[in-house]
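Asker: let me see the structure of the following:
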Amino acid sequence: MDSRDKAHRTRFTFLLFLLVAAPSTASEPIVRTAFPQLVSGVIRDAATMLATSECQAVFSDFRDAEGKTLKERLDVLGQTGERYLGRLLFYSGDGSQGCERRHKLAFTSPGSHVIYICESQFSIAARRSPGLAAATIIHEELHSLGLGENPPTSTAITERVTLRCVR
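Answerer: Here you go, the predicted model:
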């Protein structure tokens, strides 16, 4: 990675952190570049979905490795799905092994508060299907709460989120 790419990634990460950490009452986005604005808009869409009781039910659909529902995990943390989403950190995953697959939009590890966004793939998906992009954010939030994968498959998780949350 050359110094210009490293500087771009550092600047993106910092600006996106500022945007995500900024109070939700801000009337204007802090970041003016296109990609962080796109991601922050999708995160806001996901939060709006999570504010509905239908979408909140997705946390009862899945369990962590200990057998607890993700709703139980949220309850222990004293969080709602919408508020927990606001605690997560979003970074560029471009250049990482996690973004090598063409259809990969984002990734995290179970229990991590960091979600990596595959910029080029996510940008295309967000423009073509904003609902799918928001479902992807919620999908990754489920992993952050402790949901593993295989089983359930990534496709099954996204299908359930889409069924519950995307209208």
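
Asker: would you map the helices across this structure?
Answerer: Counting by DSSP state H, the chain has these helices, from start to end: 3-21, 34-50, 53-56, 58-61, 70-77, 81-85, 119-128, 130-144, 154-165.

Asker: quick one: contacts for the residue most central in space within the chain?
Answerer: When Cα atoms, centre = their mean is applied to the chain, the residue found nearest the centroid is I137 (2.7 Å). Residues counted as contacts of I137 (Cβ atoms under 8 Å, 6 or more residues apart in numbering) are V42, I43, A46, L85, A106, I115. Where you see a C-beta, it was placed from the backbone N, CA and C, and this is true even at glycine.

Asker: so the first one makes contact with S123?
Answerer: When you say that, I think you mean V42. No. No contact is recorded between V42 and S123 when judged using Cβ atoms under 8 Å, the distance being 10.0 Å.

Asker: between those two, which one's more packed in?
Answerer: When V42 is set against S123 and neighbours are counted by other Cβ atoms under 10 Å, the residue ahead is V42, at 25 against 17.

Asker: now E54. Nearest residue, chain neighbours left out?
Answerer: Across the structure, with Cβ to Cβ, 6 or more residues apart in numbering as the measure, the residue nearest E54 apart from its sequence neighbours is R164 (5.8 Å).
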